[in-house]
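**Student:** Predicted model and sequence follow; I will ask about them next.
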Amino acid sequence: MPVAAGLAFGLLLSPMGPALADPKPTLRQAKAKLEKLNDKADKVVDRYNTATERYKEAKGAYTKLNDSYKRKLATVADLRAQVINMAVNGYKLGTDPTSLPGLISTDDPSALLTGLTLAGQISKEEAAKLAAFDRENRGLKAERDKAEQALEAADRERDGVEKERSEVMKLISQQKKLLDKLNAYNPGNPRSVGIKYTGPASGNAAAVLRFAYAQVGKPYVFGGTGPNGWDCSGLTQAAWRAGGVSLPRTTWQQWAWGASRKVSLNDLQPGDLIFSNGLGHVSIYAGNGQIVHAPQTGDVVKVVKLSSYGSGLVGAVRP
């Protein structure tokens, strides 16, 4: 065979490089990509949840202080009105510094009270009471102003994290597409009654696991706090609430909350919180080498083997 003909024949039999390669990812590649997406989504969702909780706390503190400030302000205003009324009834209008024009124009409450006391319009006890109210009012206003600044800062933080929320939504979209390709998307059932817990837990932990097992089959929902869907820390928070313990909202906050309650992964007991994926995920140990958790988008609350976490374990907390 001539060299040119042989070369042409060889080219026909040889792969043509990327042009003939299968553009679809293999099952293994798709699963690996999905795992990375899940890990990334866990962390971004937790940051968003944390910022939202900080905003709620700041807004609550501001509202409480502002309401108290308004009540105190009304009380002080009423007392001042009574003082002015006393002056009107006791003196004729004139040039006296404690007369009505002087009372209305003063910007210094302390001077006003001192003048009234010296003029015999109010007793020292009344003046002391008014002065105390005025001091308390000014201090409360300062606190209210601080709370307002905290609220503004939290609002800015939430606005910033809204960008991350957008990123989460994009990640979720990518996750769903991959799951569809793998034919592995599980929408779950928001009305699922779960399964019965029959493990070795007792006391508060038994109540926790009964609650968590009753959620099995419900969908994972970004930011979900129930009752129709959960994210990982939303589930652990609600489950331990059923056990009489108040946990913070997010995975990072729950880990920090448990700083003095850490336990060895070799000494786990039912009800312990298990943290993984760089603190991006939390689950509940159910005993017998199993955990119950809300995994990620496209999945449902489920019971799985602890060993399925592999090398991603960070630590455990016993509430």
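**Tutor:** Now that the structure is in, tell me what you want to look at. As the structure is a computational prediction, the values presented were derived from the model and not from experiment.
**Student:** Would you mind finding the longest strand in this protein?
**Tutor:** Using DSSP state E, we find that the single longest strand of the chain is strand 281-287.
**Student:** which residues are in contact with the following helix or strand past that strand?
**Tutor:** Helices and strands here follow DSSP states H and E; after strand 281-287, the next one along the chain is strand 290-293. The contact list for strand 290-293, computed with CB atoms under 8 Å, 6 or more residues apart in numbering, reads 199, 209, 212-213, 216, 232, 235, 274, 281-286, 301-306, 309. All C-beta atoms are positioned from the backbone trio N, CA, C, and that covers glycine.
**Student:** now strand 290-293, how far from the chain's geometric center?
**Tutor:** Centre-to-centre, strand 290-293 and its host chain are 23 Å apart (CA atoms, centre = their mean, to the nearest Å).
**Student:** now do stretch 28-42
**Tutor:** That offset, for stretch 28-42, works out to 24 Å (CA atoms, centre = their mean).
**Student:** Contacts for that stretch, please.
**Tutor:** The contact list for stretch 28-42, computed with CB under 8 Å, 6+ apart, reads 25, 168, 171-172, 174-175, 178-179, 181-182, 222, 232, 251, 277-278, 280-281, 295-297.
**Student:** Keep only those of those residues that are in helices.
**Tutor:** Counting by DSSP state H, those place 168, 171-172, 174-175, 178-179, 181, 232, 251 in helices.
**Student:** what's the farthest-apart pair in those residues?
**Tutor:** Lys181 and Thr251 (28.5 Å; CB to CB).
**Student:** between these two, which one's more packed in?
**Tutor:** Using other CB atoms under 10 Å as the criterion, Lys181 and Thr251 rank with Thr251 on top: 30 against 14.
**Student:** For the more buried one, give me its contacts.
**Tutor:** With CB under 8 Å, 6+ apart, Thr251 has these contacts: 42, 46, 232-233, 275, 279-282.
**Student:** Now render those residues as TSV, adding pLDDT and neighbour count.
**Tutor:** Formatted as TSV, the contacts of Thr251 follow (pLDDT from 0 to 100; neighbours: other CB atoms under 10 Å):
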residue	pLDDT	neighbour count
Asp42	76	25
Asp46	80	25
Cys232	95	28
Ser233	95	32
Phe275	96	26
Leu279	88	18
Gly280	86	23
His281	92	26
Val282	96	31
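**Student:** between those residues, which is nearest Gly160?
**Tutor:** Asp46 (15.1 Å).
**Student:** need the contact list for that closest one.
**Tutor:** Contacts of Asp46 by CB under 8 Å, 6+ apart are 233, 250-252, 279-280.
**Student:** mind redoing it with 6 Å?
**Tutor:** Going by CB atoms under 6 Å, 6 or more residues apart in numbering, Asp46 touches 250-252.
**Student:** roughly how far apart are it and Asp39?
**Tutor:** Distance, Asp46 to Asp39, by CB to CB, to the nearest Å: 11 Å.
**Student:** Okay, angle between the helix ranked longest in the chain and strand 281-287 too, please.
**Tutor:** Looking across the chain with DSSP H, the single longest helix is helix 27-90. Helix 27-90 and strand 281-287 are oriented at 110 degrees to each other (axes from the mean of the first three to the mean of the last three CA atoms, to 10 degrees).
**Student:** Let's have the contacts of Asp46 in TSV, adding distance to Glu143 and pLDDT.
**Tutor:** What follows is the contacts of Asp46, written out as TSV (distance: CB to CB, whole Å; pLDDT from 0 to 100):
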residue	distance to Glu143	pLDDT
Thr250	27	91
Thr251	32	93
Trp252	28	90
